[in-house]
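J.: pasted the sequence and its predicted model underneath.
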Amino acid sequence: MSIKPKNIIIKNVREIGKGKGIWLNNLKLKEVYEAGEKVRIEYDISKKEINIFKSDNPNHTISYRKSDKNKTPILDIKNKTISDMYTIDDKVQIELYTDTIKIKISDSQTEEEFKTYTKDLTYFELFCGGGTMTNMFTQNGFTCVGGLEYTEKYMNVFKENNKNNITNISSDLRDARPIMYPKYVSTLAAGIPCTTLSGANVNMKKAESCIMNNEGTEEQLKLVETKKELNLLTFNVIEAVRAMTPRTVIIEEVVEYSRTDACDMLRNILPLFGYNISEVVSTGSHSKRSRWCLVANMNNEINLDNLIVDNGLKLEDVIDLKTDEREWKHKDDIQRLKTADSKSSKGIGIRYSYPSDTMCNTFTTNATRHTEPCLKHPTEDKYSEFTNEDISNIHGLKDFKLSGAKSIDRQILGQGVTDMFSEIAKRIKLDRNL
């Protein structure tokens, strides 16, 4: 068995009828076994561990759905032994090795430690999404050693862009344990999920107001509780910092997060670990999207002044399709622009930029919203939608591989990362050379 797993997946034990089972249908499984392959499963009841491996004496077959043309392997184990070993509240840690799978209680303690990293520019990211922020660091010479991400479709893109990763963790951060993390990563980044923290979240603002006036509905109470839970993720980030002991920590978020109690916890606790903190709110070179970033660094405070300077380029210079290559349409022929135009009396209208402009408005995770930006023709009353490749270029991503699924790619590109983080990576790298 390898010293450490290629992938780690956290799953709940499933209740199946009166018994229990473990079920995994995942592309990562294909890196270990093919559909239809015969394996042997052995149980260590005292340790609550399961080992799956190739054998001349197999007792299980890796299955798949007959309707699945890709034949994605399915690991489906359900029997009395599973029912006796685990409770329905147990979470299991599925470790995928080169040709072996190990399953154990996710928070079990073990003497085995992950390989330590001593390179000056190693990088690991929590909530890594598809890897857009990681891209900002790798294009500046950092070596990505892995990331943690709960959403599988994002993790698949992350892995495609970082094929030499050593530790990828597919898990909710709250289920991850310090033993899972690589040790002594020099740079740790985290973009804590921010939907409920955004100032643009009208429902959240309304819910908080209603609750303050003792008029909140049950649904509004649940929404505000979700915000509290996300704030508590900050504690788990601090736990990861202690586990990996990085020289530098980067936390990026919507600006509103900087005014929360959770953010104050970072400001108060990280200096106790020996970090010097600097903060900045900035946009990208060509995107008006404003993000807050905290950089905590050992020994020296990282200077974040004047991150973005005019590079002399216009949107026309950076977008994937140039003006004469684009499809231009009247606003009534693009449904979301037609909707946006109908709302102009409410102060919204069509949000557009000319190819000759330097900046464009914020791209979110949903391309069909009427508030999303578009391009307007230089001389005609016609418009063109930004492609995902355009957005990738505008944000400053280099050699970043999109999945080809438009909605997934837009979700990844809309997660907020622009080239302001490339500039931050340069400042951190400069500090390492002092």
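T.: Structure received.
J.: so for the chain, the centremost residue is which one?
T.: Centroid-nearest residue in the chain, with CA atoms, centre = their mean: G129, separated by 2.0 Å.
J.: check contacts around that one.
T.: Applying CB atoms under 8 Å, 6 or more residues apart in numbering, we find G129 in contact with 149, 151, 154, 158, 191, 412, 415. In this view, the C-beta of every residue, glycine as well, is placed from N, C-alpha and C.
J.: against I22, how distant is R289?
T.: R289 sits 41 Å away from I22, taking CB to CB, to the nearest Å as the criterion.
J.: now the helix or strand of the chain with the lowest mean pLDDT: how far from the chain's centre is it?
T.: When the helices and strands of the chain are scored by mean pLDDT, DSSP states H and E, helix 202-212 comes last with a mean of 72. For helix 202-212, the gap between its own C-alpha mean and the chain's C-alpha mean amounts to 27 Å (CA atoms, centre = their mean, to the nearest Å).
J.: show me what that helix is packed up against.
T.: In terms of contacts (3 or more CB pairs under 8 Å, 6 or more residues apart in numbering; DSSP states H and E), helix 202-212 is packed against helix 218-244.
J.: before we move on, back to that, could you dump the contacts of G129 to a markdown table with distance to N433, secondary structure and neighbour count?
T.: Converted to a markdown table, those look like this (distance: CB to CB, whole Å; DSSP: H, G, I helix; E, B strand; the rest coil; neighbours: other CB atoms under 10 Å):
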| residue | distance to N433 | secondary structure | neighbour count |
| --- | --- | --- | --- |
| E149 | 31 | coil | 25 |
| T151 | 36 | coil | 16 |
| Y154 | 33 | helix | 23 |
| F158 | 28 | helix | 26 |
| G191 | 26 | coil | 23 |
| I412 | 32 | helix | 27 |
| Q415 | 30 | coil | 20 |
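J.: hang on, S63 packs against D76?
T.: Yes: S63 is within contact range of D76, at 6.0 Å (criterion: CB atoms under 8 Å).
J.: tell me how far I74 lies from E208.
T.: Going from I74 to E208 by CB to CB gives 44 Å.
J.: quick check, the residue nearest to the centre of the chain in a strand?
T.: No: applying DSSP: H, G, I helix; E, B strand; the rest coil, one finds G129 to be coil, outside a strand.
J.: could I get the phi/psi values of it?
T.: phi 60, psi -140 (degrees, to the nearest 10).
J.: R326 now?
T.: Residue torsions, per degrees, to the nearest 10, at R326 are phi -90, psi 160.
J.: begin at 10 from now on, thanks
T.: Yep, numbering from 10; the last one is R335 now.
J.: mind listing what it touches?
T.: 384, 393.
J.: let's go with 10 Å and repeat that
T.: In this structure, R335 makes contact with 328-329, 364, 384, 386, 391-396, 399, judged by CB atoms under 10 Å, 6 or more residues apart in numbering.
J.: what about the closest residue to N34 other than its chain neighbours, how many neighbours?
T.: If the residues on either side of it in the chain are set aside, N34 comes closest to I83, at 4.7 Å by CB to CB, 6 or more residues apart in numbering. Around I83 sit 16 other residues, with neighbours defined as other CB atoms under 10 Å.
J.: same check, this time on S76
T.: The number of residues packed near S76 is 5, by other CB under 10 Å.
J.: for it, helix, strand, or coil?
T.: With three-state DSSP as the basis, S76 sits in coil.
J.: against N309, how distant is it?
T.: Plainly put, S76 is 57 Å away from N309 if you go by CB to CB.
J.: which one is T332 nearest to, not counting chain neighbours?
T.: Distances taken as CB to CB, 6+ apart put P364 closest to T332, at 5.1 Å, once the chain neighbours are dropped.
J.: what does H404 give?
T.: Once its chain neighbours are removed from consideration, H404 has its nearest residue in T427; the separation is 4.8 Å (CB to CB, 6+ apart).
J.: and the one you found, what pLDDT?
T.: The confidence metric pLDDT takes the value 94 at T427.
J.: likewise for the one 3 residues further on?
T.: Looking at F430, its pLDDT is 97.
J.: pretty sure it contacts Y132?
T.: No: the pair F430 / Y132 is not scored as a contact, 11.7 Å apart, by CB atoms under 10 Å.
J.: overlap in contacts of those two?
T.: 142-143, 146, 149, 198, 259.
J.: go ahead and confirm N34 touches N79.
T.: No: N34 lies out of contact with N79 (CB under 10 Å); the separation is 11.2 Å.
J.: these two - which one has more neighbours?
T.: Taking other CB under 10 Å, N34 and N79 do not tie; N34 has more neighbours (14 against 10).
J.: can you name the residues that contact the more buried one?
T.: Contacts of N34 (CB under 10 Å, 6+ apart): 72-74, 77, 81-85.
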